[in-house]
Each structure stands twice: as C-alpha cells, then as structure tokens.
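Trainee: next input, structure requested:
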Amino acid sequence: MTHLFRPLFAALLWVALACIHCGPQTSTPAGPIRVGVMATLSGPNKIDITEALTWSLENINIAGGAANRPIELVYADLAKESLQDAATHFMDDPSIVAVIGPDSSSDMLAIAGKFTDGVVRKVLISPSASSADIFRIYGGRQFIWRTIESDISQVEATVVHAAAKGVGSAALITSYHVLDPINKKDSYGTFFDWFGFFAKELKLRVTSVESIDSGSACEAAVKKAIALKPDVLFVAPATVTDAICIATEAKRIWPEIRLFFSDTARIDALPEKLGALADGIEGTSFSPDPLSGFSVAYELRYDRPPPQFAANAYDALALVAYGLERSGGRGGVSLARAMGEVARGHGTPTGWDRQGMADALRLIGSGQLPNLNGATGPLEYDQEDLTEFTESTYAIWRIEAGRFVTYDHYSSRGSLRANATLSALSTFASEARSPEVRDIESQATGEAPKYHYRPAPRTGMWALIASLSSGWENYRHHADALAKYRLLRSNGVPADRIILITADDIATHPDNPDRNVIRNATNGPNVLEGAEIAYPVSGLTAKAFLDILSGRATPQYPRVLHSGPGDDVFVFLVGHANPQGIEIGRIDTKAPPRRERELAAKEFQKTVREMRAENKFRRMLIVLEGCQIGGIGAGFDVPGVLALAGATEFESSFGFNRDPKTKIWQADQFAYAFDLLAQTHRTDTLAEFYKLLYRQVAGSHVTAYNSRLFGNMYKIRLEDFIAP
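Mentor: Numbering: from 1, shown residues only. You can find the predicted model right below:
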C-alpha cells in the first residue's frame with residue numbers, strides 16, 4: 001500500500017470493522033475462553049515459550065480472567081503436527097477465539113491467509129515471526145498481529161552497534177529458506193534487503209553481500225564475503241546449522257575475523273558445536289527491556305534467564321486477554337477491533353506483572369484504555385495500521401568460555417525512522433546523510449564546478465522502456481514498464497517515438513483472473529490498454545538490446561531509437577539486477593545467473609558513451625528499478641547523462657500494492673512513486689522532482705548518478721524526458 005494513502009485506508013477499514021461489529025451478536029457461551037497455541041514446542045528447534053505462557057495465563061486468571069471467564073490454552077506442537085493441520089483445526093473449532101503462533105516467519109506467511117481471507121476470521125498473533133513481509137502484506141488487515149518488531153529493526157541494531165564501535169567496513173552473508181513461488185525467500189531476506197540501506201545511512205562501507213540457500217554448502221559464499229577483509233562480517237543464518245557452517249569456514253580462512261550474528265545463532269548448539277572457535281563471536285537477540293524487570297523476575301521464578309521470545313509470548317497472551325476483556329469475550333471481528341482499541345490506549349500506565357495485568361483488565365473492563373506496558377517494554381503499535389510494534393530492545397552478546405554473555409542493550413526507540421509512531425517499514429532515507437543530495441543542493445547554491453557540457457537546442461525526444469524479466473511472479477516489473485508507457489502517451493509522446501520491450505504473456509497467463517488486464521494498483525487502470533509492445537523480452541540478448549538503444553537496426557529488430565543531437569532520451573529499465581548488471585529474461589530469482597544473457601553495467605555504459613561520441617542524443621535520463629540496480633548507474637562518467645536508481649548497488653527494491661486475490665505484487669515502490677509524482681509534478685525541475693521522490697521511498701536511497709556531468713538539475717525539467 002502506498003504511504004500516500006495509508007492513513008485514509010486504515011481509517012476506512014476501521015469504520016468497516018465497526019459497522020460489522022454493530023450487527024447482531026450471538027450470546028456468549030459459559031465456561032473458559034479457549035486460545036490456541038501453535039509452535040515448535042519440542043525437538044532440537046523448539047521455541048521455549050511454555051513457561052512464559054503459563055505464567056501469563058496464571059496472572060490473567062488470578063485477576064478474574066477476561067470478561068469474567070478464565071482463559072484456557074490449547075496447544076499444537078508443530079514438531080509433531082503439520083502446520084496446515086494445526087491451523088485448520090484451530091480455524092474449524094468455534095471454541096478457539098484466537099491463536100498464538102506460529103514461531104517462524106515462513107510458517108506465519110504460509111497460514112496467515114486462512115485467518116484473514118475466509119468467512120470466519122480469527123486473530124493470529126506471533127511472538128517470534130519477525131519477517132518484514134508479514135506487515136508489508138498484512139498491515140491494515142487487523143487480524144495478523146505480533147509482539148515482536150520486524151527484522152528491519154534488528155538489522156538497524158546490528159549496524160548502529162558496529163558504527164558506534166568504530167567499524168568502517170562490513171560484509172553480510174545470509175541464508176534463505178525457499179518460501180513460495182512468489183517471494184522465493186524466508187524471513188532472513190530482511191537482512192539482505194535492509195543491510196545496505198542502514199550501512200549507507202551510517203556511512204559504513206559495504207564490501208560484499210552474499211547469500212546461500214539454507215542447508216547448502218557455504219564455503220564459496222564465505223570466501224567471497226571476506227575476500228576484501230571487512231572489519232566485521234555480519235551473519236544472518238536461517239538455521240543454527242547454517243551458522244555453524246559459516247563460522248567454521250570463516251574462521252578457517254581468517255582466524256582473526258570478527259563475526260557478528262543475528263538472533264538465530266543464539267542457541268546453545270552454536271558454542272557446543274564450534275568449541276573454542278566460538279569464543280569472541282558476537283551478535284544480537286531480542287530481549288525484554290532491562291528496565292521492565294521481567295528478566296530478573298523470570299530468573300527468580302524459573303532459576304534460569306528467560307529464553308529468547310519468552311517475554312514476547314507472555315505479552316502475546318496478555319494482549320489477547322486485554323482484547324477479550326474489551327470485546328466481552330467475543331472473537332472474530334469483535335476481538336480484532338477491540339485489540340486495535342486497547343493497543344491505541346494512552347490512559348493510565350499499567351505494568352506487566354500480576355498487579356499490572358489485574359489493573360489493566362480492571363481499567364479496560366470499566367471502559368478505559370490504559371497505556372499498556374508489557375514484559376518486552378511499552379506495547380506501542382503502528383498508529384496507522386496497528387498490529388506491528390514500533391519499538392524493541394535487543395541484547396548485544398558475546399560468547400565467552402562457551403557461554404552467551406550479554407554486555408549491552410540497544411533500543412529501537414529514537415531510531416533512524418522518520419516517525420516514531422510508525423513501524424520500521426516506514427524507515428526512509430535521510431537527506432542529510434546522502435552525498436548525492438548534497439551534490440545536487442550545491443548546484444542551487446553555486447558551489448558545484450562549472451558545467452562544461454552545452455547541449456544543442458531541443459528538437460524532440462525518444463524513449464526506450466524495458467521490463468527485462470519474465471514469468472508471472474515478475475508481474476510487477478511488466479506493470480512498471482507499461483505504466484511508464486502509459487505516462488508518456490498520456491503526455492502526448494507519439495507511439496512511434498517509444499520502444500516498449502516486455503513479456504507478452506502476462507495478460508493471458510492462466511493465473512491472471514482478468515484476461516488482457518494488467519494493473520499497477522488494485523482497482524487501478526489497465527496499464528496494458530493501448531500499449532504497443534515492440535518486442536517481447538523472450539529471445540532478447542544484451543547485444544540486441546544495446547543495438548536497439550544505439551540505433552543499429554537488424555532484420556530481427558528493425559525498430560530502434562533514431563535519436564539525434566537535439567533529442568532528449570528517456571530510458572526505463574526494470575528487472576532482477578546485481579552490482580554488475582541486469583539479467584535479461586530472468587524468471588526464477590533463486591536460479592543461478594546466466595551470464596550470456598546479462599546486460600552488463602560496463603557494456604551498457606560503454607554503449608551510452610559511444611552514443612555521446614556519435615552525437616546521438618541531447619541529454620539522457622535513465623531510470624532504474626530493481627534490487628542492487630545502482631551498480632548500473634555507479635560507473636557513469638558521460639556528459640549529459642543522468643541515471644536515477646531506486647536502490648544502490650547494495651540495496652534491495654521492494655514490491656508494492658499487493659493484490660489480495662492473486663497474492664502478487666502489482667508494482668515496485670520506486671517505480672510506482674515515480675509514476676504518481678510525474679503525473680502532478682511534470683513541470684518540476686529534476687532537482688525538485690528528485691528530492692520529492694527521495695522522500696517517498698522507504699528502505700533504499702533513490703540515487704542520482706553522474707549529476708555533476710549531466711548539467712544543472714535546477715535548470716532542467718522532468719517534462720523534457722516524458723513529454724514531446
């Protein structure tokens with residue numbers, strides 16, 4: 001959902017929920033209120049939360065329960081029962097009003113639809129599933145909750161800690177679980193996606209970002225990750241097996257390497273398996289706020305420190321109980337609405353302990369909305385879409401003599417995000433930290449060097465728009481390209497001046513419910529309408545693409561750019577990229593790259609340089625959308641050329657506007673923001689437009705490459721490239 005419309009959408013949704021709630025209610029049955037718990041509760045990968053849930057349940061029921069009824073927990077151990085069977089059982093059982101769990105993000109994403117999309121809907125609240133995609137997909141739906149902040153915040157914690165310790169360079173290696181045909185990766189994709197963003201914000205030089213499939217060999221990726229000797233290697237493993245593999249190989253190659261792990265590695269098996277190699281390894285893990293007193297009280301009660309996620313599980317049950325007190329014991333829409341109301345409460349502060357929970361239940365029962373504090377700390381939720389924490393505490397640990405020792409804490413309170421009342425997904429790039437923004441600002445103040453490039457008078461324009469991926473799962477790329485074509489045509493650019501390259505089978509794909517319709521937003525216009533596809537991406541080679549761009553016609557590709565010295569040229573490229581280039585025709589993002597079909601950044605730059613020498617354009621604006629696609633723009637040194645990328649060479653691009661019916665992303669965030677702004681800011685200078693666009697994209701830095709050789713962006717207008 002676009003940030004421009006989130007507040008309105010959230011408000012309308014709550015009105016809708018309130019209206020449903022106003023209908024006739026069935027009578028509330030007598031007896032306990034039953035809450036399901038589904039998690040891996042036994043075996044080597046168990047999540048140790050039963051003690052915390054028992055303690056939370058005890059305190060709730062001693063206080064009189066919720067709505068004057070005791071709560072009863074019904075457990076499903078995912079080590080013994082399949083995820084789908086457990087979810088179906090809980091959904092089909094009318095006595096279960098809400099479900100706590102599951103523990104992993106991949107499991108959460110696999111079953112969340114069961115709890116939100118049917119006639120019967122129930123609250124699902126996880127204490128440990130931390131993927132950013134959960135809120136990206138289900139934020140605003142009000143039935144999918146969690147008492148843990150997304151891994152975006154944990155990535156920030158690791159990078160902030162490193163920067164504070166004087167680290168100057170860093171590399172990252174992650175491991176993925178294969179998740180589903182659309183997303184392809186599991187929760188630890190969050191580290192891959194956000195590491196480059198926070199590193200740039202904190203001026204940490206990134207030397208490498210590598211990934212492996214979980215359970216696969218790690219040696220080659222580790223070797224690449226530490227080849228340039230970073231000050232620290234961050235490791236975000238999907239499993240402890242991956243952690244052991246990466247640590248063992250890194251220590252073998254470079255015994256003195258500094259390793260810093262994410263929370264997955266905080267398992268006793270790590271020091272047990274690594275032995276002496278484990279000493280000195282550092283990392284982060286989710287932690288209760290040390291000021292809450294939960295850790296001390298837990299150790300007094302159970303004679304051991306609280307395991308990871310214990311405080312989150314304690315709070316998950318507490319929040320469900322508070323919602324049930326507000327809803328009169330009813331589940332479904334009533335409970336979802338009630339939980340939203342109590343999560344927004346800012347009345348009398350209450351605590352997490354027995355007395356604090358009793359006070360909270362009493363105040364809610366009397367119609368008040370207290371300021372809730374839990375075992376994890378303040379229960380602060382996103383004030384627009386709810387369901388997502390806005391602050392967390394992380395333990396910073398080190399392994400010493402085979403034991404995990406916490407030596408510091410980090411709170412995401414007061415973090416880099418622009419608005420403390422919104423989730424970490426609303427973390428935007430800081431203009432003050434961007435050298436590219438400062439370069440452009442210097443053009444306005446006259447501090448920039450004089451511009452030696454003097455273009456010829458403008459006589460017209462040409463455009464080359466290309467979606468270079470294939471396959472249904474890359475729907476968003478095709479929609480991005482078609483939206484650019486529609487934008488140019490609506491501005492009056494003749495069809496014979498636009499060359500459009502994209503897949504030609506998306507509109508008729510069997511998974512498309514609307515034949516011959518492609519949209520870049522749910523209920524948006526059909527961006528395919530009126531589009532003239534010059535060439536399908538199938539069969540296209542890098543050489544053929546560069547021939548089309550540079551005006552070299554061939555029998556197979558007769559339509560090419562015939563731009564001359566008076567023509568401004570607009571180029572839009574979208575697809576799956578890497579720091580070295582963008583692959584043509586890529587379908588599966590997990591498949592090995594096919595170098596023979598890769599449009600290499602250096603070759604692309606060489607062709608543009610040759611076009612400049614042959615006087616084949618006046619100025620050229622290249623707009624780039626894709627993960628790590630800034631690598632294409634980073635090497636430009638051509639007068640009159642500006643490359644505008646939605647992500648740098650170590651950052652990810654994010655899907656946008658997910659269609660709830662097809663479960664497909666209909667656009668990319670940067671491309672969609674470009675379209676929206678270009679419709680209303682066509683006459684802005686490129687400097688003004690760039691700064692607007694920069695503020696609309698979360699999680700990556702919209703970057704202007706080669707601005708110093710392009711010309712003064714305060715004197716060049718966007719419409720020169722998107723209108724005749």
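Trainee: so residue 602 sits against residue 634, correct?
Mentor: No. Assessed by CB atoms under 8 Å, residue 602 is found out of contact with residue 634, at 10.7 Å. The way it works is simple: take the backbone N, C-alpha and C, and place the C-beta from them, glycine included.
Trainee: more neighbours, the two?
Mentor: The neighbour comparison of residue 602 against residue 634 (other CB atoms under 10 Å) goes to residue 634, with 17 against 12.
Trainee: and the gap between the more buried one and residue 699?
Mentor: Separation of residue 634 from residue 699 (CB to CB, to the nearest Å): 19 Å.
Trainee: now swap in residue 165 and tell me
Mentor: Between residue 165 and residue 699 the computed distance is 24 Å (CB to CB).
Trainee: what of residue 66?
Mentor: 38 Å.
Trainee: just the helices in the stretch 51-200 of the chain please.
Mentor: In the stretch 51-200 of the chain, the helices defined using DSSP state H, counting those that start in this stretch lie at 83-92, 105-116, 132-138, 151-164, 189-201.
Trainee: can you lay out the ones you listed as JSON lines showing mean pLDDT?
Mentor: Listed next are these as JSON lines, based on pLDDT from 0 to 100:
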{"stretch": "helix 83-92", "mean pLDDT": "97"}
{"stretch": "helix 105-116", "mean pLDDT": "93"}
{"stretch": "helix 132-138", "mean pLDDT": "90"}
{"stretch": "helix 151-164", "mean pLDDT": "92"}
{"stretch": "helix 189-201", "mean pLDDT": "90"}
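Trainee: could I get the ones you listed as TSV with distance to residue 488 and mean neighbour count?
Mentor: Putting those into TSV (distance: least, CB to CB, whole Å; neighbours: other CB atoms under 10 Å) gives the following:
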stretch	distance to residue 488	mean neighbour count
helix 83-92	47	18
helix 105-116	37	21
helix 132-138	29	24
helix 151-164	35	24
helix 189-201	30	25
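Trainee: residues contacting the most centrally placed residue in the chain?
Mentor: With distances taken as CA atoms, centre = their mean, residue 132 lies nearest the centre of the chain, 5.0 Å away. Contacts for residue 132 (CB atoms under 8 Å, 6 or more residues apart in numbering) come out as 150-152, 190, 193-194, 424-425.
Trainee: go again with 7 Å.
Mentor: Residue 132 sits next to 150-152, 190, 425 when contact means CB atoms under 7 Å, 6 or more residues apart in numbering.
Trainee: in stretch 699-718, which residues are buried?
Mentor: Going by neighbour count (16 or more other CB atoms under 10 Å), the buried part of stretch 699-718 is 699-713, 716-718.
Trainee: which helix of this protein spans the most residues?
Mentor: Criterion DSSP state H: the longest helix present in the chain is helix 310-327.
Trainee: helices and strands around the helix or strand just after it, which ones?
Mentor: Next helix or strand after helix 310-327 toward the C-terminus (DSSP states H and E): helix 332-343. With contacts taken as 3 or more CB pairs under 7 Å, 6 or more residues apart in numbering; DSSP states H and E, helix 332-343 sits against helix 6-21, strand 123-126, helix 310-327.
Trainee: kindly recompute the last result at 8 Å.
Mentor: Where contact means 3 or more CB pairs under 8 Å, 6 or more residues apart in numbering; DSSP states H and E, helix 332-343 is packed against helix 6-21, strand 96-100, strand 123-126, helix 310-327.
Trainee: give me the sheet partners of the shortest one and which way each runs.
Mentor: What it means is strand 123-126. Note on strand 123-126: by DSSP bridges, its sheet partners are strand 96-100 (parallel), strand 144-146 (parallel).
Trainee: buried residues in it?
Mentor: In strand 123-126, counting by 16+ other CB under 10 Å, buried: 123-126.
Trainee: mean confidence for it?
Mentor: Mean per-residue pLDDT for strand 123-126: 98.
Trainee: and for stretch 55-75?
Mentor: pLDDT averaged over stretch 55-75 gives 98.
Trainee: can you put the contacts of residue 132 in a markdown table and add distance to residue 245?
Mentor: Output for those, formatted as a markdown table (distance: CB to CB, whole Å):
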| residue | distance to residue 245 |
| --- | --- |
| 150 | 26 |
| 151 | 21 |
| 152 | 26 |
| 190 | 21 |
| 425 | 31 |
